[in-house]
Structures are given as structure tokens and as C-alpha cells.
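Participant: coordinates for the following, if possible.
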Amino acid sequence: MTQVAEPGTARTESQTPTRITHWIGGRSVAGTSGREGPVYDPATGQVTKHVDFASVAEVGAAVAEAKSAFPAWRATSISRRTEVMFRIRNLVETHRKELAALLTAEHGKVTSDALGEIARGIENLEFACGIPSLLKGGFSEQVSGGVDVYQIRQPLGVVAGITPFNFPAMVPMWMFGTAIAAGNAFVLKPSEKDPSAANYLAELLRDAGVPDGVFNVVHGDKVAVDAILEHPDIAAVSFVGSTPIARYIYETGTKAGKRVQALGGAKNHMIVLPDADIEMAADAAVSAGYGSAGERCMAIATIVAVGDVADPLVEAIKTRLPKIAVGPGSDPSSEMGPLVTKQHRDKVASYLDSGPAQGATVVTDGREHPLYDESDGFFLGVSLIDHVTPAMDAYRDEIFGPVLTVMRVKTYEEAVRLVNDNPYGNGTAIFTRDGGAARQFQFEVNAGMVGINVPIPVPVAYYSFGGWKNSLFGDLHMYGPEGVQFYTRAKIVTSRWPDPGTSKIDLGFPRTR
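Facilitator: Numbering: from 1, shown residues only. Sure thing, here's the model as predicted:
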């Protein structure tokens with residue numbers, strides 16, 4: 001997944017592309033650090049924009065605005081906050097095409113995929129519209145003579161989100177929807193690779209009636225990230241990205257006394273049993289392996305073929321690959337666009353060399369696609385590597401691109417052991433006609449999200465998203481019920497309204513009987 005950029009370059013006056021600035025206190029604020037980063041059109045390889053990189057002081061200014069706005073927003077009635085959330089949802093829906101165009105222009109994903117990303121984000125905004133029910137507490141009457149106890153959930157204050165390049169609209173909506181609905185103020189640090197969606201969302205939130213300072217955007221690199229992690233007025237940080245950075249975010253943030261949920265990388269396996277429908281499994285593998293050019297934390301990275309299913313399954317996948325239309329995301333005929341940067345494209349392509357060097361077989365080499373050499377864009381065709389083993393780089397690493405690997409095992413038990421021994425535990429899937437095998441799999445597999453004949457088991461908005469092992473640092477998953485828990489804290493109130501005549505001094509331990 002995404003990495004946190006190192007400090008940016010100094011600005012030069014000769015650069016002419018559009019500038020992307022911060023959003024602080026309800027308005028666009030030009031950067032003052034003198035540092036910036038390039039934003040590419042992945043389909044052409046051209047720099048189309050420059051994004052300001054925030055200094056520590058600029059992050060501090062955003063936090064100060066959020067801190068100032070928080071008391072009034074927290075005191076705003078739940079009904080009023082719900083009304084604002086409904087307007088946010090409707091504005092995002094109304095402007096989904098404009099937002100999708102920004103995703104295609106800066107990330108490279110095809111329009112249909114961009115619209116799908118926005119749709120999943122809207123689902124989470126819809127969940128946040130139910131905040132009146134989600135914040136309901138509990139009440140116990142007469143726990144002792146004349147004593148009642150009840151629980152309420154209250155917002156944390158200023159919270160922050162650090163989001164990845166692969167879902168520049170959806171993941172922020174995963175975070176800020178619940179956070180703002182619950183009464184918090186929010187500071188977003190989006191990926192510097194495709195930052196425009198964050199500013200566009202900020203404008204929509206303003207138009208929906210979100211008060212100035214409740215939602216802020218600071219762009220930047222590691223300087224901005226560290227400023228967020230170290231700022232004493234930020235109570236909680238949400239992060240989605242690579243495992244090394246997730247670990248860093250978690251350790252640094254918790255050391256500073258913050259609540260942190262840091263979602264890391266993945267190595268998602270799709271087990272195919274001998275009784276599976278080969279055609280359905282092949283369709284699922286291709287869809288889940290190459291959608292969004294493989295730049296999904298829930299993409300299927302490894303097919304685990306059990307027994308004699310391997311040969312027909314690999315052949316079925318291979319025959320589908322030439323039919324995948326690779327091209328610019330803005331082209332309606334394209335099914336898969338370029339990767340986000342040339343550096344990332346070249347890293348992904350390197351596994352097509354290391355795989356065979358370590359004993360694997362390249363079935364389909366994406367570098368043979370004409371756009372790989374003939375275009376200045378960051379294209380790589382779909383690739384398939386067979387006979388991969390656990391010792392190979394193509395298995396150990398999170399490739400995060402359109403390279404699907406196949407591993408062959410003899411038994412179901414060996415397949416499950418392979419998944420459970422992997423250090424990642426984000427998502428996994430099994431394809432079978434055997435209900436008993438599927439139930440056994442969901443019971444014993446060590447992963448946070450499981451699909452049964454479903455290749456990408458991303459939960460609906462009213463459940464929560466997150467993996468196990470090195471795919472998650474923290475105790476609570478993202479969005480859904482656990483998202484509400486993350487952005488609020490419980491307060492227990494013990495109340496007595498006695499007859500004053502019954503009051504007396506009692507130094508004993510409080511009793512309920």
C-alpha cells in the first residue's frame with residue numbers, strides 16, 4: 001500500500017501546473033513552507049499539478065482551527081449533525097462524476113472503478129447518518145436504593161486521518177463521516193500522489209453546512225505526518241497504508257498518548273478446492289487480481305490451487321487475460337488503467353524478473369503489452385506467475401500491482417496452513433461447492449475478512465473493515481460499529497436523587513445490595 005513520502009523539493013518559480021493548497025478553517029490556504037510535490041497524470045506521465053507540503057506550523061494552524069471549532073460542533077444537537085450528514089451524502093452523490101474525474105486524472109483508475117470507489121464511500125456516509133441510533137447508550141435503573149447507572153458516548157475532540165493513494169475519496173469517507181457525525185473535528189492528511197479529491201470533498205462539506213474548522217486538509221510528506229503524530233491536541237489518528245508505515249504510525253502515535261488504528265498491508269489468498277466451479281473461480285481471480293491495476297489492499301494476490309484443480313484453473317485464467325482492455329482511465333473502453341507512478345510501476349514489473357530467477361514460471365508477462373514501452377504513461381499489462389513458493393519475493397512481498405501469483409498445494413490442510421503462516425491477515429477467500437469445507441475454513445483461518453465464493457470480502461458499511469496480524473495495529477477496525485467506538489469514548493454516570501432526609505455519612509465501600 002502507500003508509503004509516506006520523504007521531505008519534498010524546494011519550489012521553483014518556473015513551474016506552471018495547477019497548485020493544490022491546504023484547506024484550513026473553511027477556506028483554501030496557500031502553503032508557506034516553500035516545499036511541494038509533483039502530481040502526475042499516470043496515463044501520460046506528465047506533471048499536471050503541484051501540491052503544497054505543510055510545515056509543522058501549518059499542521060499546527062489546522063489543528064488550532066479544529067480545536068477552536070470543536071466545542072460548538074460537539075454542542076450541536078445530534079439531529080442537526082444528522083441533517084448535515086444527509087446533506088454531505090447527497091452532495092457527494094450529486095457530484096460523484098466530478099469527483100471520479102479527479103480520481104482518474106491523478107490515480108489513473110478507470111471511470112467505472114472510480115465511481116465504484118465513491119459509491120462505497122457514500123455507503124459509509126449513509127451509515128454515519130444513523131448516528132442518533134449509533135450513539136445510544138445503556139441505562140440500568142435501581143442498581144441500588146435510589147441509584148441509577150447509565151452510559152453515554154462522547155466525542156474525543158480533534159482527530160486526524162492519514163489516507164493512501166489507492167482510494168483517495170473512499171478511505172477519507174470511511175474516516176471523517178463517522179468522526180464528524182459523532183461530534184469530533186477532523187484533520188485529513190491525504191496522499192500527496194492524488195490530493196485533489198480531499199480538497200473537493202472539503203468544499204462539498206462546507207456547502208453541506210459543516211462549520212469552518214470542523215474539517216481541515218493539510219497536504220504533505222513525512223513532516224506533516226510526524227507533526228500530526230506529535231501534536232498534543234490530536235486525540236486519535238486513523239491510518240491506512242503499508243505495514244512498515246502502519247507500525248511506525250501506531251508506535252509513534254501511541255507513545256504520544258493517542259488512540260491509533262493503523263491498517264497495514266496484505267497478502268490475500270484465494271483458495272480454490274478441486275470441487276470448485278473453474279469458470280467462476282477464474283472470473284473471480286481475474287476480477288479481484290487486476291481490478292484497479294491491483295492497487296487494492298483487498299486485491300487477490302495469490303491463488304492457492306489445491307490438488308488437480310491447478311492446471312485447468314491456470315489455463316482458464318490465462319485465456320481471459322488477453323481480453324482485458326488496458327488503457328487510459330478516461331477512455332470508456334478501458335478496463336484497467338496505469339499504475340500511480342513510474343517508480344511503483346517499475347517495482348511491480350521487477351517481480352517478473354525475480355520470479356523466474358527464483359524458480360517460478362511467468363505465464364503472462366505484462367511488459368509485453370504495447371503501452372509498457374510505447375506510452376509515457378505508467379502502464380503495465382496484466383501478469384500471471386505460476387509455481388510460486390513461500391520462499392520467493394513474489395510471495396513474501398506485497399506486490400500491489402497487476403501481478404497475480406499461483407501456488408500449488410496438495411491438500412486443503414496445506415492451503416490453510418499457508419494462509420495462517422503468512423504474516424499478513426487482511427482478507428482471504430475460498431471457492432468450493434462444499435458447505436462443510438467452507439464452514440471449517442471460516443472457523444479456522446486467521447484473517448480478519450473472509451469470503452466464501454466471494455473474492456473481495458470488503459464488509460458493508462454497517463460492519464467494520466480490518467485485518468489481523470501485521471495487517472492491523474490497534475484494537476478497533478475501521479468504520480461501522482467499531483468506527484463509532486474508535487471516535488468516541490464511554491462515560492458512565494451513577495446518579496441518585498434521594499430524599500434529603502435519608503442522607504448520612506458512610507465511609508464503607510460503596511454497596512449495591
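Participant: now the helices for the stretch 351-500 of the chain?
Facilitator: Taking DSSP state H, counting those that start in this stretch to define them, one finds helices in the stretch 351-500 of the chain at 370-374, 393-396, 412-421, 435-444, 480-486.
Participant: show me what counts as buried in the fourth one.
Facilitator: For helix 435-444, the buried set under the neighbour-count rule, 16 or more other CB atoms under 10 Å, comprises 437, 438, 441. (C-beta placed from N, C-alpha, C; glycine too.)
Participant: residues in contact with the second one?
Facilitator: Under the criterion of CB atoms under 8 Å, 6 or more residues apart in numbering, the contact partners of residue 438 comprise 430, 432, 452, 453.
Participant: and if you look at residue 175?
Facilitator: Residue 175 makes contact with 161, 163, 186, 188, 238, 478, 479, 483, according to CB under 8 Å, 6+ apart.
Participant: 10 Å - rerun?
Facilitator: Remark: with contacts taken as CB atoms under 10 Å, 6 or more residues apart in numbering, residue 175 is in contact with 124, 159-163, 186, 188, 237-240, 261, 478-479, 483, 486-487.
Participant: narrow these to those in helices?
Facilitator: Secondary structure of these is defined by DSSP state H; positions in helices are 124, 483, 486.
Participant: distance check, residue 333 against residue 377.
Facilitator: Per CB to CB, to the nearest Å, residue 333 is found 16 Å from residue 377.
Participant: with neighbour numbers in mind, choose between those two.
Facilitator: The neighbour count for residue 333 versus residue 377, taken as other CB atoms under 10 Å, is higher for residue 377 (23 against 8).
Participant: quick check: longest helix of this structure.
Facilitator: With DSSP H applied, the helix covering the greatest number of residues in the chain is identified as helix 56-75.
Participant: with just CA atoms, put that helix into PDB.
Facilitator: Provided in PDB are the C-alpha atoms of helix 56-75 (Å, rounded to 0.1, in the frame of the first residue of the first chain):
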ATOM      1  CA  VAL A  56       4.900  21.800  11.300                       C
ATOM      2  CA  ALA A  57       3.400  25.300  11.800                       C
ATOM      3  CA  GLU A  58       0.800  24.800   9.100                       C
ATOM      4  CA  VAL A  59      -0.300  21.500  10.600                       C
ATOM      5  CA  GLY A  60      -0.500  23.300  13.900                       C
ATOM      6  CA  ALA A  61      -2.700  26.000  12.300                       C
ATOM      7  CA  ALA A  62      -5.100  23.300  11.100                       C
ATOM      8  CA  VAL A  63      -5.200  21.700  14.500                       C
ATOM      9  CA  ALA A  64      -5.800  25.100  16.100                       C
ATOM     10  CA  GLU A  65      -8.800  25.700  13.800                       C
ATOM     11  CA  ALA A  66     -10.200  22.300  14.600                       C
ATOM     12  CA  LYS A  67      -9.700  22.700  18.300                       C
ATOM     13  CA  SER A  68     -11.500  26.100  18.200                       C
ATOM     14  CA  ALA A  69     -14.400  24.700  16.200                       C
ATOM     15  CA  PHE A  70     -14.800  21.500  18.300                       C
ATOM     16  CA  PRO A  71     -16.800  22.900  21.300                       C
ATOM     17  CA  ALA A  72     -19.600  24.400  19.300                       C
ATOM     18  CA  TRP A  73     -19.800  21.300  17.000                       C
ATOM     19  CA  ARG A  74     -19.900  19.000  19.900                       C
ATOM     20  CA  ALA A  75     -22.700  21.000  21.500                       C
END
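Participant: hey, where'd the strands end up in the stretch 51-200 of the chain?
Facilitator: Using DSSP state E, counting those that start in this stretch, the strands assigned to the stretch 51-200 of the chain run over residues 139-144, 147-155, 158-162, 185-189.
Participant: so which elements touch the second one?
Facilitator: If contacts are counted by 3 or more CB pairs under 10 Å, 6 or more residues apart in numbering; DSSP states H and E, strand 147-155 sits against helix 56-75, strand 139-144, helix 170-181, strand 488-496.
Participant: can you tell which of these is closest to residue 107?
Facilitator: Minimum separation from residue 107 across those (CB to CB) falls at helix 170-181, 11.2 Å.
Participant: how far does stretch 203-218 stretch from start to finish?
Facilitator: 14 Å (CA to CA, to the nearest Å).
Participant: quick one: pLDDT of residue 497?
Facilitator: The pLDDT attached to residue 497 in the predicted structure is 89.
Participant: chain neighbours aside, what residue packs nearest to residue 402?
Facilitator: For residue 402, the nearest residue in space outside its immediate sequence neighbours is residue 294; the separation is 4.3 Å by CB to CB, 6 or more residues apart in numbering.
Participant: in contact with that neighbour, which residues are there?
Facilitator: Here residue 294 is in contact with 166, 288, 300-301, 336, 339, 348, 380, 382-383, 399-404 (CB under 10 Å, 6+ apart).
Participant: how close does it sit to residue 361?
Facilitator: Residue 294 sits 19 Å away from residue 361 when distances are taken as CB to CB.
Participant: rewinding a little: among the contacts of residue 294, which pair sits farthest apart?
Facilitator: Applying CB to CB across these, the maximum distance is between 166 and 383, 18.3 Å.
Participant: buried only: go through the ones in helices among the contacts of residue 175 for me.
Facilitator: When those are checked for burial by 16+ other CB under 10 Å, the buried set is 124, 483, 486.
Participant: switch these over to JSON lines; also include pLDDT and distance to residue 511.
Facilitator: Written out in JSON lines, the entries for these read as follows (pLDDT from 0 to 100; distance: CB to CB, whole Å):
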{"residue": "124", "pLDDT": "98", "distance to residue 511": "45"}
{"residue": "483", "pLDDT": "98", "distance to residue 511": "38"}
{"residue": "486", "pLDDT": "98", "distance to residue 511": "35"}
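Participant: possible to save those as TSV with distance to residue 195?
Facilitator: Putting these into TSV (distance: CB to CB, whole Å) gives the following:
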residue	distance to residue 195
124	20
483	23
486	24
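Participant: endpoints of stretch 266-281, how far apart?
Facilitator: With CA to CA, one end of stretch 266-281 sits 21 Å from the other.
Participant: that'll do, ta.
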